[in-house]
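Asks: sequence first, then the predicted structure:
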Amino acid sequence: MAKTARGSSGNGNDGGGTSSAGAKPAADRREPAHYEAVPASAPALTPAEDRQWAFMAHCGGVLGFIPSLIIYLVFRDRGPFTEQESKEALNFTAPPTIVAAVANIIAVIFSGISPLTGTVFAFIAVGIWIFLTVYSVLAAVQVNRGQPYRYMFSLRLIH
């Protein structure tokens, strides 16, 4: 078909979303999309996946409590070992992570006022991070073998 002066293909639609005789544009005539519901519960983890996510929950302790919190919230109903170990990792990492964050904030604030005080709080935050890293790796190694791990120093905030 030859194009008209307005660039349309001769079908009565000028490409601007309007058509002659007041008819609805093509986009409005489409039927609504139909979506299928997602199952309410995800499938259970296999024993290997259960151990893997428990391992990851402890490894996440290097980054603080957020990884173990996410794993706990997502996988707690899908695998008993993951639920147990991510809860253990979360209980262990939450308090020191919060203390380290506060120490970092204090270090930044005091670094302009008293550099020595800021440095002390920065070293406290680094010491906490080293503590979390060492114990998280020890726990991850044991959990990877399929054995549960209990931290020596842990507040049982989540039961």
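Replies: Perfect, I can see it now. Residues are numbered from 1 along each chain as shown.

Asks: tell me the contacts of the one residue sitting closest to the centre of the chain?
Replies: Centroid-nearest residue in the chain: Ile70, 5.1 Å away (criterion: C-alpha atoms, centre = their mean). Listed by C-beta atoms under 8 Å, 6 or more residues apart in numbering, the contact partners of Ile70 are Gly60. Using the backbone N, CA and C atoms, a C-beta is placed for each residue, glycine as well.

Asks: backbone phi and psi for it, please?
Replies: phi -60, psi -50 (degrees, to the nearest 10).

Asks: identify the residues contacting the closest residue to Ser154 other than its chain neighbours.
Replies: Closest residue to Ser154 apart from its sequence neighbours, by C-beta to C-beta, 6 or more residues apart in numbering: Phe92 at 4.4 Å. By C-beta under 8 Å, 6+ apart, the contact set of Phe92 is 61, 135-136, 139, 151, 153-154.

Asks: quick one: buried ones out of these?
Replies: Buried subset of these (neighbour count, 16 or more other C-beta atoms under 10 Å): 61, 135-136, 139, 151, 154.

Asks: pLDDT added to these, as TSV?
Replies: As requested, the buried ones among the contacts of Phe92 are exported to TSV (pLDDT from 0 to 100):
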residue	pLDDT
Gly61	92
Tyr135	94
Ser136	95
Ala139	95
Tyr151	89
Ser154	76
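
Asks: out of those residues, which is nearest to Arg145?
Replies: Nearest to Arg145 among the buried ones among the contacts of Phe92 is Ala139, at 11.0 Å by C-beta to C-beta.

Asks: quick one: contacts for that closest one?
Replies: 58, 61, 85, 88-89, 92, 149, 151.

Asks: hmm, 7 Å instead?
Replies: Contact analysis of Ala139 by C-beta atoms under 7 Å, 6 or more residues apart in numbering lists 58, 89, 149, 151.

Asks: what element comes up after the top helix by length along the chain heading to the C-terminus?
Replies: For the chain, the helix reaching the highest residue count under DSSP state H is reported as helix 80-113. Later in the chain than helix 80-113, the nearest helix or strand by DSSP states H and E is helix 115-144.

Asks: and the pLDDT at Val137?
Replies: Listed pLDDT for Val137 reads 96.

Asks: number of nearby residues for it?
Replies: 14 (other C-beta atoms under 10 Å).
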